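>>> 3D model of this:
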Amino acid sequence: MSCILHIETSTQVCSVALSQEGMCLFERKNEEGHRHATLLAPFVDEALSFADSHAIPLDAVAVSCGPGSYTGLRIGVSTAKGVCYGRGVRLIAIPTLKVMSVPVLLYHDELPDDALLCPMIDARRMEVYSAIFDRSLAVVRETSADVIDSNSYAEFLDRHPVYFFGNGAAKCREALTHPNARFIDGIYPSARNMLPLAEQAMAREKFVDVAYFEPFYLKSFVASRPKDLLHETRKD
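Just a heads-up that it's a prediction; the model follows:
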């Protein structure tokens, strides 16, 4: 029976879960903001202690691999790799936008058969990271960084009801006024929602290289200089 540790740190939510044969045995999460650097390690330690105390050997670590917060993804993937090396187990990478789609498919029976899913992660201003999937989570449009206006996704909205959700969807409500645009609130990526996708990857032996795997950042990280430092530089 496979036991998988799940790590999700791509947005402001930090969460960890432990599963066995698709059943969640342990979960910890925090929704208060970007505290991943201080919270993730204790959450992981608790999960591993639970597995050890119940004599459950760990088989793999699944990590939500992006897109999302550059810092959050780095922390999550680095921690996942550390557990893989320490425990001698394999690494599974799960696309974050697919993770967000799982609760929509599980808990929203009202979706019509031809519905399309568009998970959105806030990327500042009117930009979002998004992809479009059908109800089987087959990719209809690949992940990209989109600047949202009234014409966004028109080619899909003209033919299908499209369900928008995630922390990037709320700011798009006023722009996306097409009658086929639907919005679902309260959806965010979490470790618990990684379970079915990780189990599927495990069954197919779809693992990634622990040494060389990198998160899917989508856009390059650009470091900014503090305002006070910029001010001092100009004075010099």
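
>>> Is Ile7 in a helix, a strand, or coil?
strand (DSSP: H, G, I helix; E, B strand; the rest coil).

>>> Please look at it and Leu48 and confirm they touch.
No. Ile7 lies out of contact with Leu48 (CB atoms under 8 Å); the separation is 11.6 Å. From N, CA and C alone the C-beta is placed, and that goes for glycine too.

>>> So for those two, which sits in the more crowded spot?
Higher neighbour count among Ile7 and Leu48: Ile7, with 28 against 19, using other CB atoms under 10 Å.

>>> Show the contacting residues for the more buried one.
Ser15, Val16, Leu40, Val44, Val61, Ala62, Val63, Ser64, Gly76, Thr79, Ala80, Ala191 (CB atoms under 8 Å, 6 or more residues apart in numbering).

>>> so which strand or helix has Leu39?
Following DSSP states H and E, one finds Leu39 within helix 36-53.

>>> helices or strands next to that helix in the packing?
strand 3-8, strand 14-20, strand 23-30, helix 70-87 (3 or more CB pairs under 8 Å, 6 or more residues apart in numbering; DSSP states H and E).

>>> In that helix, which residues have enough neighbours to count as buried?
Buried residues in helix 36-53, counted by 16 or more other CB atoms under 10 Å: His36, Leu39, Leu40, Phe43, Val44, Ala47, Leu48, Ala51.

>>> Determine which two of those are furthest apart.
Comparing all pairs in the buried residues of helix 36-53 by CB to CB, the longest separation belongs to His36 and Ala51, at 21.4 Å.

>>> Nearest to Ala123 among the buried residues of helix 36-53?
For the buried residues of helix 36-53, the nearest to Ala123 is His36 (18.0 Å; CB to CB).

>>> Can you tell me which residue is spatially central in this structure?
Thr96 (2.7 Å; CA atoms, centre = their mean).

>>> Quick check: that residue touching Cys65?
Yes. At 6.8 Å, Thr96 counts as touching Cys65 under the criterion of CB under 8 Å.

>>> and for the two, which residues touch both?
Phe216.

>>> And the helices in the chain?
Along the chain, counting by DSSP state H, helices occupy 36-53, 70-87, 96-107, 154-157, 195-203, 227-235.

>>> Quick check on Ala175: phi, psi?
phi -80, psi -40 (degrees, to the nearest 10).

>>> okay, now the residue lying closest to it once chain neighbours are set aside: neighbour count?
Once flanking residues are discounted, Ala175 sits nearest to Ile148: 5.1 Å by CB to CB, 6 or more residues apart in numbering. For Ile148, the neighbour count with other CB under 10 Å is 21.

>>> Ile148 and Glu127: what is the separation?
7 Å (CB to CB, to the nearest Å).

>>> Over to Val61?
Val61 is 31 Å from Glu127, by CB to CB.

>>> okay, these two: which has more neighbours?
Comparing Val61 with Glu127 by other CB under 10 Å, the one with more neighbours is Val61, at 25 against 16.

>>> got the contact list for the more buried one?
By CB under 8 Å, 6+ apart, the neighbours of Val61 are Ile4, Leu5, His6, Ile7, Ala80, Val83, Cys84, Arg87, Val89, Arg90, Leu91, Ile92.

>>> Of the residues you listed, which is the most crowded?
Going by other CB under 10 Å, His6 tops these with 30 neighbours.

>>> give the contact list for it.
15-19, 61-63, 191-192, 194-195, 198.
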